[in-house]
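Colleague: Structure, please.
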Amino acid sequence: MSKGIRILRSLLLGGVFCSAGVAAQNQTGWSDYSYVKQSEAWLSSYNAGGLRRLPIDKISVAELYAHKQNGEFVNYYQSDNSYNLGARVESFYRLTSRVVFYGLVNYDYFKGKHMGGSAFIDPCSNPFDIVEYTDDCRGEKEKETYHLIGAVSGDLLDDLTVGGKIDYTAANYAKFKDLRHQNKLLDMFVTAGLTYRINTSVEAGANYYYRRSTEGVEFDTYGTTGREYISLIDYGGFYGITEGDGNGYTKLNDEKPMFNEYNGGSLQLSFRITPQLSFFNEFTYQSRNGYYGKRSPSSIVYSEHEGATLEYAGTLSLNEQNNRHQLLVRLSREELENNQTNYRLETGSVGNSVIVYYDPVKVGDKQFFNAGVEYKGYLGIVDFNPRWALNGKAEYSNRRLTASVYPYYRKQTVHYTNYEAHATRNFPRGKNMYAISLGASFLSGGDRPKDDGVYATPTESQTFPRNSDLYLYREYEYLTNGRFTGEATFKYSRIFDDVNMKGYASIGYKLTKASDVVYLPGDKHHQFRLTIGCTF
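Modeller: Prediction:
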């Protein structure tokens, strides 16, 4: 067992970080990885220079997990019968007093039945969606996700630290029933930043942020069915145009990328008000540009989009001898505009086809606002392991969108509020520890699922846009209907002194029960979780 742990640690510190070959000291005791990661606000900021705040020399976790989900209270693109299998290795490592590393390796396999709706992996983040126009083509989907992170911070001077991080995700996603699609996702973001200790009470930081994401989508059918599969190009609120499987956005056997590029940065400012009280602030701006299609002389770009995001994260921390209290505030606002290109195929001077673009037309506008406040309390901390972990959270989300097919438009406003409370109690007994976690949440929302109108009186040649009220009301019901969620987890841990490792196993269950469901096929959702792992 000790040899396997050493191999995992070598892969993480050597493969991800290109380790310098310095041996790490063994970590002993009941140190809890999740507590260490959340104990210092700098560790979760965009600025990797904050890794210098790591309160421990080293800690790593390696685990295998299995999740099973059942229940018909799911969003329009989700599965009512699915499972996940995965493995994760994550580590903080202080190489010297001036250099700190962080890394993560995660593999996740997902398989779901009765899936339809969107053709994208995450339709919520895209400027538009491609949606199956009928609900009779649901089938099985699979997704494999690979996630790698490597980060390092180093002190150049006593008061100046630099840091950098690379976060890379690759995924394969496929549907196995017509209209079939295969997706390939490549998503990478990098940050480079620095922190400066102005004095013993004030520390400032800044970092640059760059992200590049491409999700290629290729549609296909199996054999000759004689059926044309229609897709809705959803500009927002399931309102837009339709296309057959041989044209445009969903042309068969022709991979088209959804491309996104982000640029931005963050500013951090941390105050130590008293020896026990500190206040961390982070302000972030990101601009976004992208398109759907291929930028080449022989390929068509179907749409272009642009947007911007503002974020604020604040953490007020009170550190007592064996207790830690945190109050977190999160705010974010995003605007995203989608423009459909106007183009025409013309014949060039040598007989070749040339794509000529004209002024684009605005077809979608989305605005997102999120606000949240959260309390975290860790009581009876011994060897970086709290006897009690308490959590309470309140979140508000608002989404406004306008979809336009001139002279028609559809507007939608959706808001919901979520309240959560969780408590974990650890019971150490010699080399064994038992933990019980209980949680509950309540969500409710509302507003207007659709508000249709016209910018001007339509002419006889202008037809009403295509739409899908079935998916519209299913999504609206999923986002806003009142629901209670309850969950419970039991975890057993044991220290193995001969290999300086803590092994653990946990089992958990979560139930969501919604009220007044009309459009969704069910009002319940179940999740079972099983995890085995070790901390070293």
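
Colleague: I'd guessed residue 322 sits against residue 378; true?
Modeller: No. The criterion here is CB atoms under 8 Å, and residue 322 misses it with residue 378 at 9.0 Å. To be clear about C-beta, it is placed using only N, CA and C from the backbone, and glycine gets the same treatment.

Colleague: Tell me which of those two has more neighbours.
Modeller: residue 378 (25 against 12; other CB atoms under 10 Å).

Colleague: Report all helices and strands that the helix or strand encompassing the more buried one contacts.
Modeller: Assigned by DSSP states H and E, residue 378 belongs to strand 353-379. Contact analysis of strand 353-379 by 3 or more CB pairs under 8 Å, 6 or more residues apart in numbering; DSSP states H and E lists strand 299-319, strand 324-347, strand 388-405 as its packing neighbours.

Colleague: export the lengthiest helix in the chain as CSV, just CAs?
Modeller: As assigned by DSSP state H, the longest helix anywhere in the chain is helix 469-480. Taking C-alpha atoms only, helix 469-480 is exported to CSV below (Å, rounded to 0.1, in the frame of the first residue of the first chain):
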residue,chain,number,x,y,z
ASP,A,469,-42.8,25.6,-25.1
LEU,A,470,-42.2,22.1,-23.9
TYR,A,471,-38.6,22.7,-23.0
LEU,A,472,-39.3,26.3,-22.0
TYR,A,473,-41.7,25.3,-19.2
ARG,A,474,-39.6,22.3,-18.2
GLU,A,475,-36.5,24.5,-17.6
TYR,A,476,-38.5,27.2,-15.9
GLU,A,477,-40.1,24.7,-13.6
TYR,A,478,-36.8,23.1,-12.8
LEU,A,479,-35.2,26.5,-12.0
THR,A,480,-38.0,28.1,-10.0
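
Colleague: Give me the distance from that helix to the chain's centre.
Modeller: Distance of helix 469-480 from the chain centroid (CA atoms, centre = their mean, to the nearest Å) equals 21 Å.

Colleague: try stretch 280-293
Modeller: With CA atoms, centre = their mean, you get 14 Å for stretch 280-293.

Colleague: Flag every buried residue along that stretch.
Modeller: Within stretch 280-293, the residues scored as buried using 16 or more other CB atoms under 10 Å are 280, 281, 282, 284, 286, 288, 290, 291, 292, 293.

Colleague: Averaged pLDDT, that stretch. What do you get?
Modeller: The average pLDDT within stretch 280-293 is 97.

Colleague: Quick check, residue 457 in contact with residue 408.
Modeller: No. Applying CB under 8 Å as the test, residue 457 and residue 408 come out as separate, 11.0 Å apart.

Colleague: Those two: which has the busier surroundings?
Modeller: Each of residue 457 and residue 408 has its neighbours counted (other CB under 10 Å); residue 408 has more, 19 against 7.

Colleague: need the contact list for that one.
Modeller: 452, 453, 454, 455, 458, 462, 464, 465 (CB atoms under 8 Å, 6 or more residues apart in numbering).

Colleague: can you check residue 292 too?
Modeller: Applying CB under 8 Å, 6+ apart, the residues near residue 292 are 128, 249, 256, 257, 258, 259, 301, 302, 303.

Colleague: Tabulate these (JSON lines), appending pLDDT, neighbour count and distance to residue 389.
Modeller: Converted to JSON lines, the contacts of residue 292 look like this (pLDDT from 0 to 100; neighbours: other CB atoms under 10 Å; distance: CB to CB, whole Å):
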{"residue": "128", "pLDDT": "97", "neighbour count": "25", "distance to residue 389": "41"}
{"residue": "249", "pLDDT": "93", "neighbour count": "20", "distance to residue 389": "47"}
{"residue": "256", "pLDDT": "94", "neighbour count": "23", "distance to residue 389": "46"}
{"residue": "257", "pLDDT": "96", "neighbour count": "19", "distance to residue 389": "43"}
{"residue": "258", "pLDDT": "97", "neighbour count": "25", "distance to residue 389": "39"}
{"residue": "259", "pLDDT": "97", "neighbour count": "20", "distance to residue 389": "41"}
{"residue": "301", "pLDDT": "95", "neighbour count": "18", "distance to residue 389": "49"}
{"residue": "302", "pLDDT": "95", "neighbour count": "17", "distance to residue 389": "48"}
{"residue": "303", "pLDDT": "96", "neighbour count": "22", "distance to residue 389": "46"}
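
Colleague: nearest residue to residue 45 other than its sequence neighbours?
Modeller: residue 282 (5.3 Å; CB to CB, 6 or more residues apart in numbering).

Colleague: what helix or strand is that neighbour on?
Modeller: strand 277-296.

Colleague: Find the nearest non-adjacent residue to residue 446, please.
Modeller: Residue 446 sits nearest to residue 480 (CB to CB, 6+ apart), 5.2 Å away.

Colleague: Could I get the contacting residues of the one you found?
Modeller: By CB under 8 Å, 6+ apart, the neighbours of residue 480 are 414, 415, 416, 444, 445, 446, 447.

Colleague: residues near the first one, how many?
Modeller: Looking back up the chat, that one is residue 414. Residue 414, neighbours per other CB under 10 Å, totals 19.

Colleague: so what's it up against?
Modeller: 398, 399, 445, 447, 448, 449, 476, 479, 480.

Colleague: By neighbour count, which of those wins?
Modeller: residue 476 (22 neighbours).

Colleague: which residues touch residue 200?
Modeller: Residue 200 neighbours (CB under 8 Å, 6+ apart): residue 272.

Colleague: From residue 278, how far off is it?
Modeller: Residue 200 sits at a distance of 12 Å from residue 278 (criterion: CB to CB, to the nearest Å).

Colleague: Residue 91 too?
Modeller: From residue 91 to residue 278 the distance is 25 Å (CB to CB).

Colleague: One more: residue 354?
Modeller: 61 Å.

Colleague: Could you check which of these two has the larger neighbour count?
Modeller: residue 278 (20 against 13).

Colleague: Surely the more buried one and residue 324 touch.
Modeller: No. Using CB under 8 Å, residue 278 is not in contact with residue 324; the gap is 10.9 Å.

Colleague: Report the set of residues contacting both of the two.
Modeller: residue 317.

Colleague: who are the neighbours in contact with the spatially most central residue of the chain?
Modeller: The geometric centre of the chain, computed from its C-alpha atoms, lies nearest to residue 122 (CA atoms, centre = their mean), at 8.9 Å. Under the criterion of CB under 8 Å, 6+ apart, residue 122 has no neighbours.

Colleague: swap in residue 30?
Modeller: 382, 383, 384, 385, 426, 428, 433, 493, 495, 502.

Colleague: Tell me the buried residues within those residues.
Modeller: Applying 16+ other CB under 10 Å to the contacts of residue 30 flags 384, 385, 426, 428, 433, 493, 495, 502 as buried.

Colleague: and these, which of them are in strands?
Modeller: 426, 428, 433, 493, 495, 502 (DSSP state E).

Colleague: Need the max-distance pair from those residues.
Modeller: Farthest-apart pair in these is 426 and 495; separation 13.2 Å (CB to CB).

Colleague: ok so, going back, and the residue nearest to residue 45, bridged to which residues?
Modeller: For residue 282, the beta-bridge partners under DSSP bridges are residue 268, residue 313.

Colleague: thinking it is in contact with residue 313, fair?
Modeller: Yes. Between residue 282 and residue 313 there is a contact under CB under 8 Å: 4.5 Å.
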